[in-house]
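Peer 1: Give me a 3D structure for the following:
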Amino acid sequence: MGRVPYAKRIAELNDQLRARGGITCATGKTVLTRGIAALDPVTIAGIWSNVVIFDDFDGDNDPHGEHDYGSFEVVDVGKVIWKIDYYADDQCDLGSENPSDPDSCFRVMTVMLAEEY
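Peer 2: Numbers count the residues shown, from 1 in each chain. Model prediction:
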């Protein structure tokens, strides 16, 4: 069994974080912006569901094949964006030098309204 290519491994780790649906774990956490948090609970649950199942990756929104960004439209809300940033640890002071290594990378996924970006 050979090594998984760098971008593919990053994509796998990013997909794992998204699949957790906002549950903080040892390798990452999710943050909602004020705009998302101010929405009603049913709308927030629908947004979570869309983030978890998102698979509309293409050359425009995923040019490096890392599955670190996505967006979708929500009725009566508008465009919602999620993005994943890489840090050296859970203090989030320094960027990660190797996002393909879960032992040296802490992921933060931010879910926001497009106008908050």
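Peer 1: Name the nearest residue to D56, sequence neighbours excluded.
Peer 2: Counting by Cβ to Cβ, 6 or more residues apart in numbering, G70 is the residue found nearest to D56 once chain neighbours are left out, at 6.8 Å. Heads up, the C-betas are built off the backbone N, CA and C, glycines and all.
Peer 1: Show me what counts as buried in the host helix or strand of that neighbour.
Peer 2: Element membership for G70, per DSSP states H and E: strand 69-74. Residues of strand 69-74 classed as buried by neighbour count (16 or more other Cβ atoms under 10 Å): Y69, G70, S71.
Peer 1: Could you dump those residues into CSV with distance to G59 and pLDDT added?
Peer 2: Output for the buried residues of strand 69-74, formatted as CSV (distance: Cβ to Cβ, whole Å; pLDDT from 0 to 100):
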residue, distance to G59, pLDDT
Y69, 12, 96
G70, 14, 96
S71, 15, 96
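Peer 1: ok, of these, which one's closest to F106?
Peer 2: When the buried residues of strand 69-74 are compared for distance to F106 (Cβ to Cβ), Y69 wins out at 17.8 Å.
Peer 1: Just give the nearest non-adjacent residue to that closest one, would you?
Peer 2: K83 (4.7 Å).
Peer 1: so how far is M112 from that neighbour?
Peer 2: 8 Å (Cβ to Cβ, to the nearest Å).
Peer 1: on that earlier part again, please find the angle between the direction vectors of the helix or strand where the residue nearest to Y69 lies and strand 69-74.
Peer 2: Secondary structure from DSSP H and E places K83 in strand 78-87. Angle of strand 78-87 versus strand 69-74, following axes from the mean of the first three to the mean of the last three Cα atoms, to 10 degrees, is 160 degrees.
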